[in-house]
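Student: prediction below, plus the sequence it came from.
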Amino acid sequence: MNKKNLLIIVAVVVGIGIILISLGWPPISKEDASGSFTKANKYKENTVKEGDVILNSELLADTNKTKKAIVDLVQFGDFALYVKSVLNQLWLPELNNFKGIPEINSAIDQINEFSSFIDNNNKTVQNTVVTFVEFYDDSKKPVNADVESQVKQFYNYATQFLIRDSIFEATIGSIDIALKGNIKKSKQIESLKNLRDRIVMDNFLYGLSVGDTTKIYYSSIQVLNNPKLLMKSLLDGQVKGQVAGYYANQSILNTGFTNKSDFVGAVNSALKSGIENGKNNSIYNFIGNNSPLFYCGNQYYFSFNQQKLNLIFSNDAVNMVKIIEGPGNNIALGTGFTNQMALGLLANPEYFKVIANQNVIQTVYWDNMVKLFNQTQIGMFNQTNLNGSALNFSQNINAFN
Amino acid sequence: MTVFVSINSESQENTVYKYSVGDFDFIYYGAGYSYMIPHTARSFVTAFNAHKKLYNYQQKGKISVFVNDFADFGNGGAVAIPFNFVMFGVNPFDNIYENMPANERVIWLASHELTHIVMCDKPGPSENFFRNIFFGKPVNDNSNPMSMIYSYLASSRWYSPRWFHEGIAIFMETVMNGGSGRMLGGYDEMVFRSMVLDSSYFYKPVGLETEGSTIDFMVGANAYLYGARFVGYLASKYGVDKLMDFYTRSDSSYSFFASQFKKVYNIDLQSEWDNWIEYEKKFQIENIQEIRKHPLTSQIEITNKVLGSASRQFYDKKRNSIITAINYPGILAQIAEIDLSTGNIREIAPVMSPRLYFVTNIAYDESTGTIFITENNNNFRDLVLIDVESGDIIKKNEFMRFGDQVINKADKSLWGIRNYNGRSAISRLLPPYNTIEELYTIPFGYQLFDLDISNDGKNLSGTFADPNGNQKLVIFKIKDILQGDTKFQGIYEFEDNSASNFTFSEDGKYLFGTSYFTGVSNIFRVDIANKSAEIMTNTESGYFRPIQISDDTLIAYNYTSKGLKPVILAIDTVDANAIKLMGMNIFEKNPELYNWTLPSMSLINLDSLGAVKTEYSSFKNTDLAYIIPIVEGYKDFASFGFKAKFIDKMYLNNLDLSLSYSPNELIPEKERLHFSMQYNYWLWELKASWNKADFYDLFGPTKRSREGGLLSLKYMDYLLPNRSPELLNYSISAAYYFDLKTMPQYQNIKINADNLISADFELKHSVLRKSLGAIENESGYDLGLSLSDDYIDNFNFFKVVGSANLGYLLPIRNSSIWLRLFAGKSFGEENHPFNYFYFGGFGNNYLDNNDVHRFREVYSFVGSEINALAGNSFSKVTFEWNLPPYRFLNFGFLPAYITYSRVSLFASALNNDLSKYDKSTLAFSSGIQVDFELSLFYLLKTYFSIGYGGTFKNGYKPTDEFMISLKF
């Protein structure tokens, strides 16, 4: 062995030694090391085995309750997904054009967090739906499943959802601050303002959906930048398709259990038909005594909690699509044109130059909504406040068909 | 939203249900926690089957288990008279300092509480005989003290000391649950080791009852601690067979527990108790020597005061002080600031509803000086925000049912655990702390507690316990929880030992906390990245709640036999040996106990046991509880008869019937038959009587028996439900008296009218508090307003009486002063007997069942004859000083002893005519009363009182009065 090889071997050995020492070898006896401690001798037997705790859910003991719970869960899950779709498909692409503005960055982050919140929780909803369907279908009864814990977690989700839906107002606020800042290009300003219009309308419609009058009022008092464009975008088939397609892809129903039984198929078809065709009354039959939480998802989410608002959903509202898609440039928006009390949307008739019926306008004025009405393009009215003039109003609208 | 209403409405239902299966009726409200009823049933049936076999016990009738959600923390209790009844509070227990195991709580609690039922209910031949005679198990009813004897005869073992009952229940909970019980608890070991270290007094059996379980900071917990140790000692020294002989009531056993002890162990209880103390001291000294084999951790005491019980502590850098809640004997529970440089303690605000071990849940936001505490801690907790400087309440959110809270410094959100319906949920409140969000509901059987949040607001740590009680430190990402992702990272598992009160280091890389891993509660530092633990202390007693205050120092509580002491410690690794747990001796010497572990509750098939769920009807479930013979007094004569009690399983529907006859011919024939009925249903009370007799009329000057009839109806309700210690309640009552000869309220005032209709309205508001070791309330106020109207002889006599009692706790331990103010006016015809208020006398009978301290009552005026002073209006003031009670450590013998004596001094002034302000209407009185509390058979508390006082009135010769009374 020459001197060079010897040096190499020595160097390798020393190197290995250094590495081993740095990795903590040889191990130090625990008895000698500072920080050594011993465990007290203690008898312990794990007495509760997997499956020992058998809980009971009265929800599952009643077929009708189970069925209803499934529908409620699916509806809410899909409603949440639809909201997410609106945020991701309509808001985010526009907001991404303004990356770099701190307020917009913050709004984007919040929307992304809200989306993750919906995604994660919808996994819980999906799991719960699967558990319920398995119980309902009798295909599998996991006797020790803590089903009510899942329901409770869903309840937590729904409650949080309602708290965190302030993302609408927060995003509007962020845009307002951004608009006061350093955006130089007028085209960009216009674009952001139009997005703001969109979010104001989305907030209004969302408010109607969940029966949140604070949201409805908030949107009502916002001044819109370009209502005409807003209406156009609402009616734009491409945008609608974009949202609907995105939403359909992620639907809570895509859990993989679709073909498990006839019942599951029935759940799917009933819900889907309800969503796809707002005029189809089968959704009422399916849900029973509860009003639809989510309705007419393909077009607009024109639904609201009737019980909370003490209102009755009018069949005329189902015809909304026709009303909106009225002839030419004459566009109006409204619901509830029967004798039943209803809540709906009313576009500023003067702005759209569509409603000539002075009775309606007069009624709105009588109702001390002058201030509100003059400064806004989105408002709400109540059938009972129209004092019978609704019929005329309704006739005028019908005339557009 | 519709969907929420439809699902959540399940928990809003308030129907009462009965789930009957086997030996049990499980009674519960609504459907909020119905999901756990079958599991509860399986757990109780499993535990009860084992008890029946071990103790050869057969249950008569059914055991009622009232499953309830009346408090945020889980709890249990058992009663064996008149029916076997178990209370089960469904929520998770508090796991402070690991004084309770964290395993699946229902089976654990069933093991414990059913031990009480078996021990108290299992009859011997004599109990069987008397139960047949009385048609059941009589309850001690102080309206007729003979019932005490009947109750003892029918349920002798019920009347045993608390340590006796809790000792065996803790033994059974431990062996039935695979070692998960306080018999193997590190906390219990620490208590007795510290007593040896501090040379503390070990109570004897009598002293434990008179002082040990009432006076020190552990109050009632000492009965559990001593009982468990003594029973464990007996099992390891003499074997488990003898222990079973001692506890099992059989045909050949003695009914009195101490006699049975002598029979089984051939030594008297007191002597063997002394032997145990010697053994315990020797055992602890060996453990201490083992600990001392490595250098002990040195500490700097922040204050020389021992804080008793203490909450989580917070270090305020700017103020250089600790913010915490404390409760030690002699003070009222409070939030305190302890100055680190001087050790001075400043009271910031009171804690009105302290918990025994941790006072209250507390969090502190140093940046705003806001303290977040929970109040109403024994019911549904409130969240209270308090300003650290002024102590003022900033905000109070009632019934949040939220605790274990911690501030997220990043966004000021408040995180914690919310408990209800048997579930826990990680929850948060965002500023301004009005709305609570439940974020993650922990699966049933698991627990999460001792939360902390890293300084950067990104991580939330906690101790996660599985159904077997295995605890591990876990970390959740805050962001994940908010986004509905509830997975967590296990950081370190202390195997089958606790992981308590871990808090993040300043840099968020470590968690500091304590574990009984070595058998001693030492401080550990857990490296989050490496998931490894290092031991930081080697103490003889125990450390709790460490928090890092600088790069190289921690503050923590050091346990002493008098309570917790805040200390400063260096951050350093040490070596520590394990100690022996005395409970292990029991298993090593009785290996058969390994087979006492309960079988799986899933083996119980409820359907095959005939489980049935029905709506609970308090009427249908009302049964005869017992019938007992009674002796009563009617005027000065004895009457003889029977009393029967009917009651339902929930104690909602209660009917007492008494019928007696006075054979003495001096009593007019019409008055010889005596009848009384009292019926209570929820908040209603219906009374009827005819020639009402009263046991206490046989003894002493005060007479409560009255000729004639009575029919009355009363309703009382709470305007502030569940707000202890604050009470605001009212009552409305109406009564019709007929064939009267004497005023119902005043025994010496004869009337001529036959009939009287009266109506009363009473409103009371009080906030009364007491410190540890108190025998009664020591501070606060008690306000009352009474409006009444008597209609008699076509006259109305409307009266208004107001009262205010104001108390203040003196710096002398358990000594208080009180100012008692009364005023009243009648608006009826002046100088009519019914229009007067009457005063005079102590008011106590020789034998009595009313309040001992009658001199505090409005119509008492010590030194005068009863009803001697009268007026159409009055004002009265009493000043009272209650001296500290003196507790007797060993005054008596096992079944009968004196627990304490206490002296009260008082002086009163009375103006019995407010229309005048001269000396003729003024009277003064002063007096002294000495009370002795006597305990008979442990649960029968009686009071012997003597008093003396005089009345002084201008122009009259002073009069005096001597009072002697025995109160049942």
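Tutor: Looks like it arrived, so ask away. Numbering: from 1, shown residues only, chains lettered A, B, ... in the order given.
Student: now for the chain, the helix or strand with the poorest mean pLDDT.
Tutor: Picking chain A for this. The least trusted helix or strand in chain A, going by mean pLDDT, DSSP states H and E, turns out to be helix A:282-287, with a mean of 27.
Student: confidence score at the residue of the stretch 601-750 of chain B at minimum distance from chain A?
Tutor: The minimum distance from the stretch 601-750 of chain B to chain A, using C-beta to the nearest C-beta, falls at residue B:602 (4.8 Å). (Each C-beta comes from the backbone N, C-alpha and C, glycine too.) Here, the pLDDT recorded for residue B:602 equals 89.
Student: SS state for it?
Tutor: Using DSSP: H, G, I helix; E, B strand; the rest coil, the structure places residue B:602 in helix.
Student: now residue B:949
Tutor: Assignment for residue B:949 (three-state DSSP): strand.
Student: I figured the residue of the stretch 601-750 of chain B closest to chain A hits residue A:54, correct?
Tutor: Yes: at 5.8 Å, residue B:602 counts as touching residue A:54 under the criterion of C-beta atoms under 8 Å.
Student: so who does residue B:925 touch?
Tutor: B:861-864, B:907-910, B:949-952 (C-beta atoms under 8 Å, 6 or more residues apart in numbering or on different chains).
Student: helices - which of those residues land there?
Tutor: Taking DSSP state H as the definition of helices, the contacts of residue B:925 contribute nothing to them.
Student: so, low pLDDT: which residues of the stretch 801-950 of chain B?
Tutor: Residue ranges of the stretch 801-950 of chain B with pLDDT under 70: B:917, B:938-939.
Student: spell out which parts of it neighbour chain A.
Tutor: Nowhere does the stretch 801-950 of chain B come near chain A, counting by C-beta under 8 Å from any C-beta of the partner chain.
Student: please enumerate the helices of the stretch 801-950 of chain B.
Tutor: In the stretch 801-950 of chain B, no segments count as helices under DSSP state H, counting those that start in this stretch.
Student: from chain A, how far off is residue B:21?
Tutor: 12 Å (C-beta to the nearest C-beta, to the nearest Å).
Student: for that residue, give me the pLDDT.
Tutor: 96.
Student: also the one 10 residues further on?
Tutor: At residue B:31, the pLDDT value in this model is 73.
Student: re earlier: quick check, nearest of the contacts of residue B:925 to chain A?
Tutor: Checking the contacts of residue B:925 against chain A with C-beta to the nearest C-beta, the nearest one is residue B:908 at 58.0 Å.
Student: check contacts around that closest one.
Tutor: B:855, B:861-862, B:876-879, B:924-926.
Student: and for residue B:810?
Tutor: Per C-beta under 8 Å, 6+ apart, neighbours of residue B:810: B:816-817.
Student: what about it, distance to residue B:683?
Tutor: 38 Å (C-beta to C-beta, to the nearest Å).
Student: flag the shaky bits of the stretch 151-300 of chain A, pLDDT-wise.
Tutor: A:208-211, A:213, A:216, A:220, A:227-228, A:230-300.
Student: now chain B
Tutor: Looking at chain B by pLDDT under 70, you get B:1-14, B:212-220, B:748, B:917, B:938-939.
Student: can you give me the helices in it?
Tutor: Under DSSP H, chain B gives helices at B:2-8, B:37-55, B:105-121, B:125-134, B:146-154, B:162-176, B:186-197, B:205-207, B:221-238, B:240-247, B:257-265, B:269-291, B:478-482, B:582-589.
Student: extract the CA atoms of stretch A:148-160 and return them as CSV.
Tutor: Written as CSV, here are the backbone C-alpha positions of stretch A:148-160 (Å, rounded to 0.1, in the frame of the first residue of the first chain):
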residue,chain,number,x,y,z
GLU,A,148,-74.5,12.0,14.9
SER,A,149,-71.0,13.2,15.2
GLN,A,150,-70.9,13.5,11.5
VAL,A,151,-74.3,15.3,11.5
LYS,A,152,-72.9,17.6,14.2
GLN,A,153,-69.9,18.3,12.1
PHE,A,154,-72.1,19.1,9.2
TYR,A,155,-74.1,21.4,11.4
ASN,A,156,-70.8,23.1,12.4
TYR,A,157,-70.0,23.5,8.7
ALA,A,158,-73.3,25.0,7.9
THR,A,159,-73.1,27.4,10.8
GLN,A,160,-69.6,28.5,9.8
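Student: gap between residue B:607 and residue B:613?
Tutor: For residue B:607 relative to residue B:613 (C-beta to C-beta), the value is 12 Å.
Student: looking at these two, which is more packed in?
Tutor: With neighbours defined as other C-beta atoms under 10 Å in any protein chain shown, residue B:607 and residue B:613 compare such that residue B:613 has more, 17 against 7.
Student: check contacts around the more buried one.
Tutor: B:17-20 are the contacts of residue B:613 under C-beta under 8 Å, 6+ apart.
Student: surely residue B:152 touches residue B:159?
Tutor: Yes: counting by C-beta under 8 Å, residue B:152 touches residue B:159, with 5.3 Å between them.
Student: noted, bye for now.
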